[in-house]
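Student: Have a look at this prediction, sequence included:
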Amino acid sequence: MPLYLVTRPNGASHMKNIAGIHAALVDAASGPAAIAAANALAAAGTANVARMDTPFAGFTATQVAATVQPGFVPAIVQGDFLGAAYSGASRGA
């Protein structure tokens with residue numbers, strides 16, 4: 001399966017959530033499936049995140065690799081993953 005980086009779109013500071021979760025790295029069949037997988041991963045995480053319905057709603061999913069390598073583990077990232085100065089593909093250039 002492809003590997004996706006799910007991030008908050010550039011300039012969408014209004015989409016920051018209370019848990020400080022702003023990115024995920026997941027394997028999924030498509031961009032929308034990656035966002036769903038990130039939401040499921042967040043809900044399975046801490047009690048603080050589980051109270052949130054869909055912390056990745058409206059986020060951007062960018063394919064970053066055609067396939068995941070053996071041993072890959074999906075991850076949730078708290079804080080800015082790319083940094084405010086980055087304006088590449090996953091931030092809506």
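Tutor: Received it, and whenever you're ready, just let me know what you need. Please read all numbers here as calculations on a predicted model, not as lab measurements.

Student: Okay, Ile76 and Thr60: tell me how far apart.
Tutor: Ile76 sits 16 Å away from Thr60, going by Cβ to Cβ, to the nearest Å. Bear in mind the C-beta positions are built from the backbone N, C-alpha and C, glycine included.

Student: Check Leu3 too.
Tutor: In terms of Cβ to Cβ, Leu3 sits 15 Å off from Thr60.

Student: Make sure Phe72 is actually in contact with Tyr4.
Tutor: No. Between Phe72 and Tyr4 there is no contact under Cβ atoms under 8 Å: 11.7 Å.

Student: Give me the common contacts of the two.
Tutor: Asp27 (Cβ atoms under 8 Å, 6 or more residues apart in numbering).

Student: The two: which has the busier surroundings?
Tutor: Tyr4 (28 against 14; other Cβ atoms under 10 Å).

Student: partner residues bridging the closest residue to Ala37 other than its chain neighbours?
Tutor: Distance criterion Cβ to Cβ, 6 or more residues apart in numbering; nearest residue to Ala37, sequence neighbours excluded, is Val26 at 4.4 Å. Val26 has the following beta-bridge partners by DSSP bridges: Tyr4.
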